[in-house]
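*Asks:* structure for this input, please:
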Amino acid sequence: MGLAMVHGIVSRYGGRVEVQNEVGMGTTFYVYLPVAAGVPSPVKSVLVIPAPVGGKEHVSCR
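*Replies:* From the prediction side, this is the model:
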């Protein structure tokens with residue numbers, strides 16, 4: 001799914017998407033959704049994906 005689609009869906013449900021980027025560490029996306037009535041408090045869950053080794057790649061757009 002593209003980031004624009006994720007943002008649209010999350011926004012439609014009253015949530016938000018935040019992005020944190022750190023050189024050499026990678027990018028972290030935080031997705032916040034409102035809690036539904038009658039649902040127990042959420043448990044924090046974190047998925048950590050290590051940054052790939054490299055740094056000499058180039059993206060060519062034509």
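
*Asks:* in this protein, which spans are helices?
*Replies:* 3-12 (DSSP state H).

*Asks:* ranges for the strands of this protein?
*Replies:* 16-22, 26-32 (DSSP state E).

*Asks:* just put those strands in JSON lines and tack on distance to residue 10.
*Replies:* Any C-beta I mention is one placed from the backbone N, CA and C, and that applies to glycine too. Formatted as JSON lines, the strands of the chain follow (distance: least, CB to CB, whole Å):
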{"stretch": "strand 16-22", "distance to residue 10": "5"}
{"stretch": "strand 26-32", "distance to residue 10": "6"}
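
*Asks:* would you tell me which of those strands gets closest to residue 38?
*Replies:* Closest approach to residue 38 among the strands of the chain is made by strand 26-32 (19.3 Å; CB to CB).

*Asks:* format the strands of the chain as JSON lines; extra columns: mean pLDDT and mean neighbour count.
*Replies:* JSON lines is the format used below for the strands of the chain (pLDDT from 0 to 100; neighbours: other CB atoms under 10 Å):
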{"stretch": "strand 16-22", "mean pLDDT": "90", "mean neighbour count": "10"}
{"stretch": "strand 26-32", "mean pLDDT": "89", "mean neighbour count": "12"}
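
*Asks:* tell me which of those sits nearest to residue 8.
*Replies:* So among the strands of the chain, strand 16-22 is nearest, using CB to CB, at 9.9 Å.

*Asks:* mind listing what that closest one pairs with, with the direction of each?
*Replies:* Strand 16-22 has these partner strands in its sheet, going by DSSP bridges: strand 26-32 (antiparallel).

*Asks:* relative orientation of the strand it pairs with and helix 3-12 in degrees?
*Replies:* If you take axes from the mean of the first three to the mean of the last three CA atoms, to 10 degrees, strand 26-32 sits at 30 degrees to helix 3-12.

*Asks:* list the contacts of strand 26-32.
*Replies:* By CB atoms under 8 Å, 6 or more residues apart in numbering, the residues outside strand 26-32 that reach it are 3, 6, 10, 15-21, 49-51.
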